[in-house]
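Visitor: have a look at this prediction, sequence included:
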Amino acid sequence: MSAEIATYKSVFISDTHLGSRGSNAKHLNIFLDTHTSDNLFLVGDIIDGWRLEKTFYWPEDHSKTIEHLLNKSRNGTHVYYLLGNHDESVQTLDERGVDIEEISMLSDSIDFNATMDYLGIDGNKYLVCHGDMFDTLMTSNNGRRIMLLGTVAYDVLLHFHNFVNGISAKLRLPYVNLTGFAKRQTKSICNKLLKFENRLIQHANIEKYDGVICGHIHTPEIKNIDNTIYMNCGDWVENCSALVEHLDGKWEILDWGKSNRKSKTSINN
């Protein structure tokens, strides 16, 4: 029996980090195979160029994700790829035999400034961006160096995470999401210190947007801030989440990882 296909007006995913060992490409491929939409927005950090520069890692599941995206584009889905800070140096793939021309072809719009407008069914005008340009750490003099250090620390934690859960599986103990917990705590603290959300909302208000759609901090969420709608796609590392616009105009975050297609939070406008 074939899987039931869910249909939406638009689907927004971000922070898949293909090319890193933390990417849940296997789950993402199932999601892409069972969810269809008129529009598909790739909201940054789709390919982790930072890690590919350091250590090349590109398993079959990651190639399958690119093929899924290409097939959607070929079959009529409007695919938009807004680059994030980790999408830098994707030419590393070309050096290893992955067809970069095909990757650039999958998008109707590819923009290194990583912003575009989206008019929702609800009549609201949304700013769509990865969000890294509103992260004060990214724009500081030593920001990239600090972020790269964090990437190394995460890789070490990931190895420990896999070791602990390998033992847990043999002993039939519950799964422990060490990396997810660590990143949630770190992202929460950084967001408060750097005022990421507030800077993004302030820009949206100045430019007369009704809301923003972003990624970057790996925290799937829908909420209102100063009468502006804030929506974050989340990621496909810890959360396996996507932001979707239903055909009736309702916005929802699909928490694929935790609740098997059930909603984490939703909003009607």
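Guide: Arrived safely, thanks for sending. Numbers count the residues shown, from 1 in each chain.
Visitor: show me what contacts residue 216?
Guide: 14, 15, 44, 45, 84, 85, 130, 131, 132, 135, 196, 232 (CB atoms under 8 Å, 6 or more residues apart in numbering). C-betas here are computed from N, CA, C, even on glycine.
Visitor: out of those residues, who has the most neighbours?
Guide: residue 14 (32 neighbours; other CB atoms under 10 Å).
Visitor: residue 40 is in contact with that one, correct?
Guide: No: taking contacts as CB atoms under 8 Å, residue 14 lies outside contact range of residue 40: 11.7 Å.
Visitor: ranges for the helices of the chain?
Guide: 25-34, 49-54, 60-74, 91-95, 100-105, 136-139, 143-170, 178-194, 196-206, 256-259 (DSSP state H).
Visitor: if we can go back for a sec, just name the closest of the contacts of residue 216 to residue 36, please.
Guide: residue 14 (18.7 Å; CB to CB).
Visitor: show the contacting residues for that closest one.
Guide: Here residue 14 is in contact with 42-46, 84, 130, 214-216, 233-235 (CB under 8 Å, 6+ apart).
Visitor: make a markdown table out of those and add distance to residue 25 and pLDDT.
Guide: Formatted as a markdown table, the contacts of residue 14 follow (distance: CB to CB, whole Å; pLDDT from 0 to 100):
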| residue | distance to residue 25 | pLDDT |
| --- | --- | --- |
| 42 | 14 | 92 |
| 43 | 17 | 92 |
| 44 | 16 | 88 |
| 45 | 13 | 88 |
| 46 | 11 | 91 |
| 84 | 17 | 79 |
| 130 | 19 | 89 |
| 214 | 22 | 95 |
| 215 | 16 | 92 |
| 216 | 19 | 88 |
| 233 | 16 | 95 |
| 234 | 15 | 93 |
| 235 | 12 | 93 |
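Visitor: which of these sits closest to residue 246?
Guide: In terms of CB to CB, no member of the contacts of residue 14 lies closer to residue 246 than residue 233, at 15.6 Å.
Visitor: isn't the closest one up against residue 244?
Guide: No: here residue 233 lies out of contact with residue 244, judged by CB under 8 Å, at a distance of 9.7 Å.
Visitor: where in the stretch 1-150 of the chain is pLDDT low?
Guide: Counting by pLDDT under 70, the ranges of the stretch 1-150 of the chain that qualify are 1-3, 88-114, 136-150.
Visitor: residue 228 pairs with what?
Guide: Using DSSP bridges, the bridge partners assigned to residue 228 are residue 225.
Visitor: identify the residues contacting it.
Guide: Per CB under 8 Å, 6+ apart, neighbours of residue 228: 201, 204, 205, 209, 210, 211, 212.
Visitor: could you rerun that using 10 Å?
Guide: By CB atoms under 10 Å, 6 or more residues apart in numbering, the residues touching residue 228 are 124, 126, 127, 200, 201, 202, 204, 205, 209, 210, 211, 212.
Visitor: now, the contacts of residue 14 that are in strands?
Guide: Using DSSP state E, 42, 43, 214 are the members of the contacts of residue 14 that sit in strands.
Visitor: top of these by neighbour count?
Guide: Within those, most neighbours by other CB under 10 Å means residue 214, with 30 neighbours.
Visitor: any idea how far the nearest residue to that one once chain neighbours are set aside lies from residue 79?
Guide: By the measure of CB to CB, 6 or more residues apart in numbering, the closest residue to residue 214 outside its immediate chain neighbours is residue 131, 3.8 Å from it. Here residue 131 is placed at a distance of 20 Å from residue 79 (CB to CB, to the nearest Å).
Visitor: residue 68 is in contact with residue 18, correct?
Guide: No: counting by CB atoms under 10 Å, residue 18 does not reach residue 68; the two are 11.3 Å apart.
Visitor: which residue of the two possesses the greater neighbour count?
Guide: Applying other CB under 10 Å to residue 18 and residue 68 shows that residue 18 carries more neighbours, namely 27 against 18.
Visitor: now the more buried one, nearest residue through space, not along the chain?
Guide: residue 62 (4.5 Å).
Visitor: what of residue 215?
Guide: Closest to residue 215 by CB to CB, 6+ apart is residue 14, at 2.7 Å.
Visitor: residue 232 against residue 222, yeah?
Guide: Yes: between residue 232 and residue 222 a contact is recorded at 7.9 Å, counting by CB under 10 Å.
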